[in-house]
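Enquirer: 3D, please:
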Amino acid sequence: MIKRSIAIALCFGGLSLLQAEGGDGKRVFETYCWGCHHQSAEAFGPSFAQIASQRNEDQIRAMITDPASVSKAFGYSRNAMPPFALTENELSAISSYILSFKPKSKEGN
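Expert: Predicted coordinates for the structure are as follows:
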């Protein structure tokens, strides 16, 4: 019984940690990104679903911290996104949050 209680506590503890990280990403989104980006619909900037389907974590981080240089490297003719000086925790949280909107692949179809 004690082993079962410990296992349940560990599972829920891990779940709350994952929720906290996801919550941090949502908080960063609401603080810095929401004016131009939405999770699944295009606004002034592309949706997180579109970004997640086209970019990896390193590219997302670079676009947040140095959008002018990254836009040139990607071959874009212009860039409207300002650079953001986020902490490492904020960058990790927002990158993970954006990537959580990557469309699920349909295997077997």
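Enquirer: quick one: low-confidence parts of this protein?
Expert: Scanning the chain with the threshold set as pLDDT under 70 gives 1-22, 106-109.
Enquirer: swap the cut-off to 80 and go again
Expert: The model of the chain has pLDDT under 80 over residues 1-23, 105-109.
Enquirer: nearest spatial neighbour of the residue nearest the centre of the chain, skipping sequence neighbours?
Expert: By C-alpha atoms, centre = their mean, the chain has its centre lying nearest to Ile98, at 2.3 Å. Among residues not flanking Ile98 along the chain, Phe48 sits closest, at 4.7 Å (C-beta to C-beta, 6 or more residues apart in numbering). Heads up, the C-betas are built off the backbone N, CA and C, glycines and all.
Enquirer: How about the contacts made by that neighbour?
Expert: By C-beta atoms under 8 Å, 6 or more residues apart in numbering, Phe48 lies in contact with Phe29, His37, His38, Gln39, Ser40, Tyr97, Ile98, Phe101.
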